[in-house]
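Engineer: I'd like to go over a predicted model; first the sequence, then the structure.
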Amino acid sequence: MFATFMHTVPAPVRLMLAIAITVGITVLMVKVTHERLVAFSARDHEDKEAREALIEAGDKDVPPLPPETYNLANRVLGLTGTGFVFLLAFTLGNFWGASSDARTATQAEVADWARATSLARTIDGGEALRGALEAYRASVVGEQWTLLEEADAVAASKVQRRVSEQVSDAVFALEPAAKESPQWAQLTAAVDDMLDQARDRIDAVPNPSAPGVISLIFVLAITNLAMAAVFQPARLGPNLFLMGLMAAITAVMLFVLVEAANPYVGAVAVTPQGF
């Protein structure tokens, strides 16, 4: 129900909600924990000053201090930041490639369907084939597209296989009477191309591992924000501003990732408009 509601909300509103929620939570947590985080960060300096005081007092057996915490924190921040950016770029590249493939396949499928329908009108006895092509169009718009939006490639493939068989059966039934027609070769080629493009359209649906990869990227993004807030504190005003800015950038990047995840859902979704 929530997903359906979010699909009806315009993309700019969804983006503003994502930024507002991410920035709001980040700024609130930084403000609430600021004093404790500053005190935690200051312990390295306090330990250093205490050791220097012992040395000045003549204590020769003062053990050395470990390196300051922010040195290790910077290493961890570099790891989480690199992992986040690398996985984000790689995953976005795959999603954008799938979206381009889906758009190209759908446009070609529409063109092939229209060509096959037009050619079927020129062949005597082509009424059954025209009916099968109309049932194919209705299936794409009425059944398959909902399944594509839900990323259910298995169910969409089953529906596509059923209507493909209907079209193929109509072609085979028409062949004895129409194979001598000048348009027959063009018709069969258009039907074959249409069915091939349909397979490519369904193959563009994100695979089952996509939610896991997106979840991992979310975890890395939140970890990166948390590490920066805990181990890189600053004065309250600049801290709130900079952490809010970092949270806003992170929210935008995650929003783009989610929008691009399924080529049939989102602000620039592929639609069956041509059908």
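Structural biologist: Noted; the coordinates are in hand. Numbers count the residues shown, from 1 in each chain.
Engineer: does residue 231 really touch residue 78, like I thought?
Structural biologist: No. Contact criterion C-beta atoms under 8 Å: residue 231 and residue 78 do not qualify, at 12.0 Å. The way it works is simple: take the backbone N, C-alpha and C, and place the C-beta from them, glycine included.
Engineer: what about whichever helix or strand residue 93 is part of, distance to the chain center?
Structural biologist: Applying DSSP states H and E as the criterion places residue 93 in helix 69-121. Relative to its chain's centre, helix 69-121 lies at 7 Å (C-alpha atoms, centre = their mean, to the nearest Å).
Engineer: Name the residues of the helix or strand just after it that come out as buried.
Structural biologist: For helix 69-121, the succeeding helix or strand toward the C-terminus, using DSSP H and E, is helix 127-139. Neighbour counts over helix 127-139 (16 or more other C-beta atoms under 10 Å) mark 129, 130, 132, 133, 136, 137, 139 as buried.
Engineer: For these, give me a markdown table that also has pLDDT and distance to residue 29.
Structural biologist: Formatted as a markdown table, those follow (pLDDT from 0 to 100; distance: C-beta to C-beta, whole Å):
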| residue | pLDDT | distance to residue 29 |
| --- | --- | --- |
| 129 | 90 | 64 |
| 130 | 92 | 63 |
| 132 | 93 | 60 |
| 133 | 94 | 58 |
| 136 | 94 | 54 |
| 137 | 94 | 52 |
| 139 | 94 | 50 |
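Engineer: Could I get these in TSV, plus columns for distance to residue 256?
Structural biologist: TSV is the format used below for the buried residues of helix 127-139 (distance: C-beta to C-beta, whole Å):
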residue	distance to residue 256
129	44
130	43
132	41
133	38
136	34
137	33
139	32
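Engineer: Among the residues you listed, which one sits closest to residue 236?
Structural biologist: Distances from residue 236 to these, taken as C-beta to C-beta, are shortest for residue 139 (60.0 Å).
Engineer: in this protein, which helix or strand is least confident?
Structural biologist: Between all helices and strands in the chain, the lowest mean by mean pLDDT, DSSP states H and E belongs to helix 2-8, at a mean of 55.
Engineer: where does this protein dip in pLDDT?
Structural biologist: Applying pLDDT under 70 to the chain flags residues 1-7, 42-68, 70.
Engineer: ok, 90 please
Structural biologist: For the chain, the stretches with pLDDT under 90 are 1-14, 33-79, 120-127, 174-184, 207-209, 227-239, 265-269, 271-275.
Engineer: returning to what we had before: quick check: angle from the helix holding residue 93 to helix 127-139?
Structural biologist: Per axes from the mean of the first three to the mean of the last three C-alpha atoms, to 10 degrees, the angle that helix 69-121 makes with helix 127-139 is 160 degrees.
Engineer: before we move on, back to that, more neighbours, residue 231 and residue 78?
Structural biologist: Neighbour count, other C-beta atoms under 10 Å: between residue 231 and residue 78, residue 231 has more, with 18 against 12.
Engineer: ok, the more buried one - contacts?
Structural biologist: Contacts of residue 231 were listed using C-beta atoms under 8 Å, 6 or more residues apart in numbering, and they are 41, 69, 70, 73, 74, 77.
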